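>>> Would you be able to build a 3D model of this:
(one chain, ligands or ions: 1)
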Amino acid sequence: MNEKQRSILLQSSTHFPPPKGTKLSYGTAGFRADASILQSTVFRIGILAALRSLKTGGAVIGLMITASHNKVSDNGIKVADPSGGMLTQDWEPFADSIANAPDPESLVQLITEFAKKENIPIDGSKAAVVLLGRDTRPSGESLVEAANKGICCVIGAVAINMGIVTTPELHWMVRARNKGMKASEADYFHQLSTSFRCLIDLIPEKSGEDNDAIGKLVVDCSNGVGGEKLQDLTQKLNGFLQIEIRNSGGNSGGILNEGVGADFVQKEKLSPQGFGPSDVGIRCASLDGDADRFVYFTIILNGNNKINLIDGDKILSLFALFIKQQLTILEDSKKPSVGIVQTAYANGASTKYLKDLGLKVIFTPTGVKYLHGKAEEYDIGIYFEANGHGTILFSDLFLNCLEGIKNESSSTENGLEKRKAAKRLWAVGNVMNQGVGDALSGLLLVEGILQHMGWSVDKWNQLYDDLPSRQLKVKVADRSAVITTNAETCVEKPPGLQEAINSLIGKYRQGRCFVRPSGTEDVVRVYSEAETQEEADELANSVANIVQQFLG
Ligand code: G16
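This is a model prediction of the structure:
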C-alpha cells in the first residue's frame, strides 16, 4: 500500500471509532446490531467491499444496509459477491477482524496484511465498484453515508447509491451488471413480469377443476421495503395477477416487523396485524422486512388469529413437484442432477414428501450462504429454509440444454409438449433470483404454478400434513457458549446439554428437538416437533428451561 492510500485510510477512520466494549461478529447473514453502534462497522465493511471488487478484477460488489426481520431500531450489513450470492465465506474472518480493530493504526495494519496475502492491488492503479442499497429503516440513510465514506477511502473505488431497494433486488443488480446485462430496477421488474407472463401463457388449456388460484392474493409487506416494490411490480403485471397490498410501511402507520411480516407469521403461527375474520378463505402471503423471504397463510375461521401456515418447506415442495413434472415431460436422455437443500428446521413431513417424490435431500446449517453453496453443486438446485428464504438455481449446462430443446423444430405433439416444458423451466430460471432468496420472484412462481395446476391454496396446503412443531427464543448471557455440530442438530458445548435434551426428546412420540445460537439476534433458538401440538409445545418449553439452566 502506498503512503497516500495509507494516510487516507488513517485519516478517514479516525471519524469512525468502533463502539467501546462491544465485539461484533459476522453472523448468519452479515453484521447486525442496534443501529446506533454500527457507523464504524459499516464504514469498515465499505472498505472491505471495495477491496473485494479490486480482488475480483473490478467486478461490481453489493453492500446492503438492512437488518431484515429484526426490530426497527436494529440495522445491519449484507455483502453481495460478483455472482449476486453472499460474500464468500473465506472473507468472513477478515470482516470480523476489521470490524473489531480497536484503532485506525491496527485497522490499516490488518488491511495492509490482508491485501498483501490476497494479492489485492490497493495502489490506485485499478478501479473498483460497489453498489449501495438500503431498506426503509430510518437509520439507513446515515449508514449508507458511512459505507460510502469507507468505499471512497480506497483509491480508485466508486460507490453507486441505488437508494431504497429490496435485498434481493440489489443482489440481482450486482449479478446483472457483472454479466453485462441491463441492471436497473425497471430491468429487474421487466425480467420478473415477463417470465411470469411466459408461465401463464404456457398453462395447458384444461388444468384442474379448482379455479381458486385465480382469485386475489393479499400480501402483508411487514411495513418494509417490499410494500412499495410489490406495488410497482404489480403494475407491470398488467392485471395477470390481482394483488392487494397491506402493511406497506411509509405513511400507512405501522411499525416495521412489529406484529407483521414473514418472520412473525412463521414463528408465531398467527395472522399479521391488519388481517382478520373477513379474510377467511383468501390466499394470503407475508414478506419479511427486506423482502428476501416469504410465507403463505390462510386465516382459520373463528381461530383467534390462528392461521394455516404454508411455510418455506411447502413452497419448496410445490416448486419441486412442478419442476419434476416438467422434467418428466422432457424425458431427457441427459437427465439433469436435482438436489433439494433444507436445514434442520425443515418439517419432517416435508422431507418425507420430497424423498417420496424420489428427490435427493441434503441438509446444511442455517443460513442461505450454506444452502446456496450446496444447491450450486446440482444442475437444478432447489433450496428453502422453513422461514421462507430460498430460490431455485439452474446450472449453465442445464440452461444450454433447455435452449437446445426450445429451438427444436419437431412438430409432433410430443415435440411441442417438450418445447413447452423447456420454456416453462426457462421461465422458472428467469423469474427466480439466481443470487439469493427473493420474496417477489418467489411469489410470482407460486402464483404461476397454482394457476398452472388450477389449485387453490388449500389444495396446495394438502400436499402433506406438517408434523406439529414449535419454535422458541431463549435469552441467555452468552449465546456463543452454544456450539453445535451435524448441521446444527447436536450440541457439542456446553457439555451435558445434548444428553439432557436427548432425555427430554425420548419422552415424546415422534419427538425431535434441537437448539442453536441465532446469528442475527441475541438469542438461542429452540425447535421441536412431536405427534401433537401440545407435546411439541411442551418439549420446546422444557428444552428452553434446560438451556436456561445451562447458560443462565
Ligand atoms: C437471515 C439468513 C437466513 C436465516 C435467518 C435467521 O435471514 O439469511 O438464512 O435463516 O437470518 O438466522 P438465525 O436463525 O441465525 O437468526 P434474514 O431474512 O433475517 O436476513
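>>> Mind jotting down where the strands sit in the stretch 101-250 of the chain?
Counting by DSSP state E, counting those that start in this stretch, the stretch 101-250 of the chain has strands at residues 128-134, 157-164, 217-220, 243-246.
>>> T298 reaches F275, doesn't it?
No - counting by Cβ atoms under 8 Å, T298 sits too far from F275 to count as a contact (10.1 Å). To be clear about C-beta, it is placed using only N, CA and C from the backbone, and glycine gets the same treatment.
>>> In contact with the residue of the stretch 101-250 of the chain found nearest the ligand: list those residues for me.
Relative to the ligand, the nearest point of the stretch 101-250 of the chain is T167 (7.1 Å; Cβ to the nearest ligand atom). Contact analysis of T167 by Cβ atoms under 8 Å, 6 or more residues apart in numbering lists 64, 66, 68, 78, 133, 135, 290-292, 436.
>>> And the furthest pair within the residues you listed?
Across the contacts of T167, the longest distance by Cβ to Cβ is 14.3 Å; it joins D135 and V436.
>>> Between the two, which is the more surrounded one?
Comparing D135 with V436 by other Cβ atoms under 10 Å, the one with more neighbours is V436, at 28 against 25.
>>> got a pLDDT number for the more buried one?
pLDDT recorded at V436 is 97.
>>> Same check on the one 4 residues further on?
Among the per-residue scores, L440 holds a pLDDT of 98.
>>> hang on, it in a helix?
Yes - checked against DSSP: H, G, I helix; E, B strand; the rest coil, L440 lies within a helix.
>>> Quick one: name the residues of the stretch 301-450 of the chain near the ligand.
Counting by Cβ under 6 Å from any ligand atom, the stretch 301-450 of the chain comes close to the ligand at 366-368, 385, 387, 389.
>>> Which of the residues you listed ranks first by neighbour count?
The residue in these with the most neighbours, by other Cβ under 10 Å, is H389 (30 neighbours).
>>> Wait, that residue touches T366, no?
No - in this structure, H389 is not within contact of T366 by Cβ under 8 Å, at 9.5 Å.
>>> Tell me where the stretch 201-350 of the chain is predicted with low confidence.
Along the stretch 201-350 of the chain, segments meeting pLDDT under 70 span 206-213, 332-333.
>>> Mind jotting down where the helices sit in it?
226-236, 262-268, 312-330, 348-356 (DSSP state H, counting those that start in this stretch).
>>> cool, the stretch 351-500 of the chain as well?
Counting by DSSP H, counting those that start in this stretch, the helices of the stretch 351-500 of the chain are 368-375, 396-406, 413-431, 439-453, 457-461, 497-505.
>>> buried set for the fifth one?
Spelled out, it's helix 457-461. 457, 460-461 (16 or more other Cβ atoms under 10 Å).
>>> Just name whatever secondary elements that helix is in contact with.
When contacts are defined as 3 or more Cβ pairs under 8 Å, 6 or more residues apart in numbering; DSSP states H and E, helix 457-461 packs onto strand 294-299, strand 307-310, helix 312-330, helix 439-453.
>>> Please repeat the previous calculation with a cut-off of 10 Å.
strand 283-287, strand 294-299, strand 307-310, helix 312-330, helix 439-453 (3 or more Cβ pairs under 10 Å, 6 or more residues apart in numbering; DSSP states H and E).
>>> how about these, which one is nearest A50?
helix 439-453 (28.9 Å).
>>> Could the C-alpha coordinates of that closest one be exported in PDB?
The C-alpha trace of helix 439-453 is given here as PDB (Å, rounded to 0.1, in the frame of the first residue of the first chain):
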ATOM      1  CA  ALA A 439     -39.800 -12.900  -2.000                       C
ATOM      2  CA  LEU A 440     -41.200 -11.100  -5.000                       C
ATOM      3  CA  SER A 441     -39.900 -13.600  -7.500                       C
ATOM      4  CA  GLY A 442     -40.900 -16.500  -5.300                       C
ATOM      5  CA  LEU A 443     -44.500 -15.100  -5.000                       C
ATOM      6  CA  LEU A 444     -44.700 -14.900  -8.800                       C
ATOM      7  CA  LEU A 445     -43.600 -18.500  -9.200                       C
ATOM      8  CA  VAL A 446     -46.000 -19.800  -6.600                       C
ATOM      9  CA  GLU A 447     -48.800 -17.900  -8.300                       C
ATOM     10  CA  GLY A 448     -47.800 -19.100 -11.700                       C
ATOM     11  CA  ILE A 449     -47.700 -22.700 -10.500                       C
ATOM     12  CA  LEU A 450     -51.000 -22.600  -8.700                       C
ATOM     13  CA  GLN A 451     -52.600 -21.200 -11.900                       C
ATOM     14  CA  HIS A 452     -50.900 -23.900 -13.900                       C
ATOM     15  CA  MET A 453     -52.200 -26.600 -11.700                       C
END
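>>> could you give the angle of that helix to strand 283-287?
Interaxial angle of helix 439-453 relative to strand 283-287 (axes from the mean of the first three to the mean of the last three Cα atoms, to 10 degrees): 160 degrees.
>>> quick one: pLDDT of L63?
98.
>>> thinking again about what came up before, which neighbours do H389 and T366 have in common?
29, 343 (Cβ atoms under 10 Å, 6 or more residues apart in numbering).
>>> Could you find the closest non-adjacent residue to the residue of the stretch 101-250 of the chain closest to the ligand?
Sequence neighbours aside, D290 is the residue nearest to T167 in space, at 4.2 Å (criterion: Cβ to Cβ, 6 or more residues apart in numbering).
>>> wait, that neighbour sits on V165?
Yes - using Cβ atoms under 10 Å, D290 is in contact with V165, at 9.0 Å.
>>> With that, I have no additional questions.
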